[in-house]
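Asks: With the sequence up front, the predicted model follows.
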Amino acid sequence: PLTAGERASLAKDVAAPALPSRGAYEAALADAGFVDLEWTDMTATWSAYVADRAAAYEKKRDAVVAVHGAAVYDAQLSFFRAVDALFKGGRLGGVRYVARRAA
């Protein structure tokens, strides 16, 4: 389970106040008429991606600030760092669902 701090970061920093369980997500997809659900754990791939994204963005500070300003850069960096920290905490994961709409 996520810590209280991680739940707060998801709500405040990531704008994701709630995350469904696998069962709840699959039930919602089925209720919406989707079948043949394929679930793939993407945690390792996304963990590496969000870490690399945060590091790469930090290096672009001058270019981003020149175009968008410091406030935009700082807000985006804060988001990237929050997501990276959540994945590094080991309690947040990521999945990919592939499904088709029932005929």
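Replies: Nice, I can see it.
Asks: and the residue nearest the centre of the chain, which of the three is it?
Replies: Closest to where the C-alpha atoms of the chain average out (C-alpha atoms, centre = their mean) is V83, at 6.1 Å. Put simply, V83 is helix when judged by DSSP: H, G, I helix; E, B strand; the rest coil.
Asks: For the host helix or strand of A56, which outside residues touch it?
Replies: Here A56, judged by DSSP states H and E, is contained in helix 43-59. Here helix 43-59 makes contact (C-beta atoms under 8 Å, 6 or more residues apart in numbering) with V64, Q76, L77, F80, R81, V83, D84, F87, K88, G93, G94, V95. Placement of C-beta: from N, CA and C, glycine included.
Asks: by contact count, what packs against the strand or helix carrying Y97?
Replies: When elements are assigned from DSSP H and E, Y97 belongs to strand 95-101. Helices and strands touching strand 95-101, by 3 or more C-beta pairs under 8 Å, 6 or more residues apart in numbering; DSSP states H and E, are helix 22-31, strand 34-41.
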